[in-house]
Structure formats: C-alpha cells, structure tokens
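**Student:** got a predicted model here, sequence first, then my questions.
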Amino acid sequence: LHLAFDPSVCLETIYEDDHVLAIAKPHGVLAHPSPGYWDRGTVAHALVGRMPSEMMEERGNHNEWDSFIPRCVVHRLDAGTTGVMALAKSSAAERGLTEELRAADALRPWAAEGKKVYVTLLLGHPGGASKETCITVDAPIGRNPQNQRCWTVVPGGKQAKTVL
C-alpha cells in the first residue's frame with residue numbers, strides 16, 4: 001500500500017523534535033488505514049511528507065491482516081477518541097517508544113511511574129441513577145464478537161482495569 005497525503009485531516013502539533021512528533025488526534029479520525037479508509041481519512045495519511053519515508057513503511061510485527069500500520073505509529077487511539085498520539089520519526093524513537101509503552105503495560109497496578117493513564121470527559125453521571133462516585137471495571141477486554149471494530153469485556157481477553 002502506498003499512502004497519499006490527505007489534507008482534510010488536520011493534526012495539531014503538541015511537540016516535535018528530530019525523533020518524536022506528538023499530535024492532537026481529533027475525534028472521528030483513525031490512526032492508520034483499515035477497511036473503508038485505505039485512501040484517506042487517517043492520521044497516517046496526514047503524515048505523508050511530514051515523516052521520513054522509512055517510518056511510513058508498514059510495521060512488520062502486527063497481527064492485523066486488515067490494517068496497514070506504519071512504523072511511526074507506535075500506539076493508537078480509537079477513531080472516537082480525542083487525545084495525544086506520540087509518533088516515531090526515527091528507528092531509535094520507534095524502539096524506545098515501543099519499549100516504554102510495553103513496559104507501561106506490564107507494570108504492577110501499584111506502580112505509578114510509567115503507567116498509562118487515559119483521561120476522559122463524560123456527559124452525565126458515570127454512576128447512572130445510583131450516582132456512585134467510584135466505579136471500577138477490572139476485567140479482560142477484547143474485540144466485540146458482534147462488532148470487531150469495538151472492544152468490550154470478553155472471556156480470555158487482555159487484562160484491563162478502568163477506574164472512574
């Protein structure tokens with residue numbers, strides 16, 4: 001797959017140096033090409049011409065047969081998620097960021113340093129009618145059997161903990 005630049009995807013730069021680019025990923029934009037988005041509409045398409053060509057080559061170690069994941073994309077945010085994405089502009093940054101993110105995944109729950117933290121904005125009360133102030137979901141997640149684009153709690157999934 002040869003990616004073409006898509007000027008319709010606007011990415012705000014949060015930070016940039018010779019090795020790393022941090023962008024604000026807008027809602028509704030996928031991180032990388034997949035079915036329905038091969039030609040346009042992804043962060044990867046918006047990076048064409050901005051990233052070194054070798055970092056736009058397909059990452060060889062992913063198990064997603066229906067996706068093209070460039071080497072610069074070391075982590076993803078869902079299309080419906082707005083947030084900061086750290087992108088690798090060099091092989092050294094690709095290795096370093098990948099190692100950091102894997103280490104954060106492997107940390108014990110009580111370890112604070114290096115832990116991945118996601119912040120969300122909710123409309124309404126997360127506790128519903130009971131107005132609970134602390135909600136914890138500690139269960140394995142994986143692809144939703146009814147909609148492979150979504151993730152949900154599933155038996156045998158990857159262990160995850162969400163605290164609201």
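**Tutor:** Sure thing, it's come through. Residues are numbered from 1 along each chain as shown.

**Student:** list the buried residues for stretch 39-47?
**Tutor:** By 16 or more other Cβ atoms under 10 Å, the buried positions in stretch 39-47 come out as 41-47. From N, CA and C alone the C-beta is placed, and that goes for glycine too.

**Student:** ditto for stretch 10-26
**Tutor:** 11, 20-21, 23, 25-26.

**Student:** from the residues you listed, which two are the most distant?
**Tutor:** Spatial extent of the buried residues of stretch 10-26 (Cβ to Cβ) is set by the pair 20 and 26 at 19.6 Å.

**Student:** using CSV, list the CA coordinates for the lengthiest helix in the chain.
**Tutor:** Secondary structure of the chain per DSSP state H: the longest helix is helix 91-106. Taking C-alpha atoms only, helix 91-106 is exported to CSV below (Å, rounded to 0.1, in the frame of the first residue of the first chain):
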residue,chain,number,x,y,z
SER,A,91,14.1,4.0,14.2
ALA,A,92,15.6,4.9,17.6
ALA,A,93,12.4,6.6,18.7
GLU,A,94,10.3,3.7,17.4
ARG,A,95,12.3,1.2,19.5
GLY,A,96,12.3,3.5,22.6
LEU,A,97,8.6,4.4,22.5
THR,A,98,7.6,0.8,21.8
GLU,A,99,9.7,-0.4,24.8
GLU,A,100,8.2,2.3,27.1
LEU,A,101,4.7,1.5,26.1
ARG,A,102,5.2,-2.2,26.6
ALA,A,103,6.8,-1.6,30.0
ALA,A,104,3.8,0.5,31.0
ASP,A,105,1.5,-2.3,30.0
ALA,A,106,3.5,-4.7,32.2
